[in-house]
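Peer 1: okay, predicted coordinates and the sequence, questions at the end:
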Amino acid sequence: MADRWEHYFTSRPENAGEEREITAHLKGFEFRFWTDAGVFSKQGIDFGTRLLIETVQLPETGEILDLGCGYGPVGIACAKVAPSCRVTMVDVNRRALQLAERNARINGVGRRVTVLESDGLDALSGRSFDAVLTNPPIRAGKAVVYRLFAEAAEHLNPGGTLWVVIRKKQGAESAKRELERRFQSVHRVEQKKGYWILRADR
């Protein structure tokens, strides 16, 4: 049987398809998303992702990266509320990427969203961003999560910001310390139900 957490690090989930459509109210907009087995939070937007979307402060213009996009709620919400920005969405999970492309079209932002298969930021050589948002794959281990932090720091424009949602009991305090090693300033800007939103400024 496929590991229940395989969506974090498998490009081809083994789960049989179980497509479903969900709706969500985010940042003052109504969204429709198609989800499937083998992708993160298939039954609805999880609390951490929702808190990240509602908390983030986006640039008026520029480049935004949704790192580990899953079926796309973070990047698609960003594209909707920041229409002058370009959004790139990356993931290792090909099933999630297909859903993300479909969901971007359904929600009317397909022309401003680019969806790419990438392990971290490997496929983004030479690219830089003004904001990076991530709900990191905690169960893939600290080495993977901290590599994502390091890669994000390398790909941020001066003055750019990394936004991270992480649960306190899953290492939020140590993640904050790791971010402080790599960024000019790091702040916990929101905390609800054990979830922290961390803002790291380059």
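Peer 2: Thanks, I have it.
Peer 1: what's the burial count for the residue lying closest to residue 51 once chain neighbours are set aside?
Peer 2: Excluding its sequence neighbours, the residue lying closest to residue 51 (Cβ to Cβ, 6 or more residues apart in numbering) is residue 195, at 5.5 Å. In this view, the C-beta of every residue, glycine as well, is placed from N, C-alpha and C. As a burial measure, residue 195 scores 23 neighbours (other Cβ atoms under 10 Å).
Peer 1: which residues in this protein form helices?
Peer 2: 47-55, 73-81, 94-106, 142-155, 172-182 (DSSP state H).
Peer 1: TSV for those, including mean pLDDT and mean neighbour count?
Peer 2: Putting those into TSV (pLDDT from 0 to 100; neighbours: other Cβ atoms under 10 Å) gives the following:
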stretch	mean pLDDT	mean neighbour count
helix 47-55	97	20
helix 73-81	98	26
helix 94-106	97	21
helix 142-155	96	18
helix 172-182	97	16
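Peer 1: and the pLDDT at residue 9?
Peer 2: At residue 9, the pLDDT value in this model is 53.
Peer 1: surely the residue nearest to residue 51 and residue 50 touch.
Peer 2: No. With contact defined as Cβ atoms under 8 Å, residue 195 does not reach residue 50; the gap is 9.5 Å.
Peer 1: what is the neighbour count of residue 163?
Peer 2: By other Cβ under 10 Å, 24 other residues sit near residue 163.
Peer 1: kindly state the beta-bridge partners for it.
Peer 2: Using DSSP bridges, the beta-bridge partners of residue 163 come out as residue 133, residue 199.
Peer 1: just the pLDDT for it.
Peer 2: Looking at residue 163, the pLDDT reads 98.
Peer 1: please shift the residue numbers so they start at 31 in all later answers.
Peer 2: Sure, I'll start numbering at 31, so the last one becomes residue 193.
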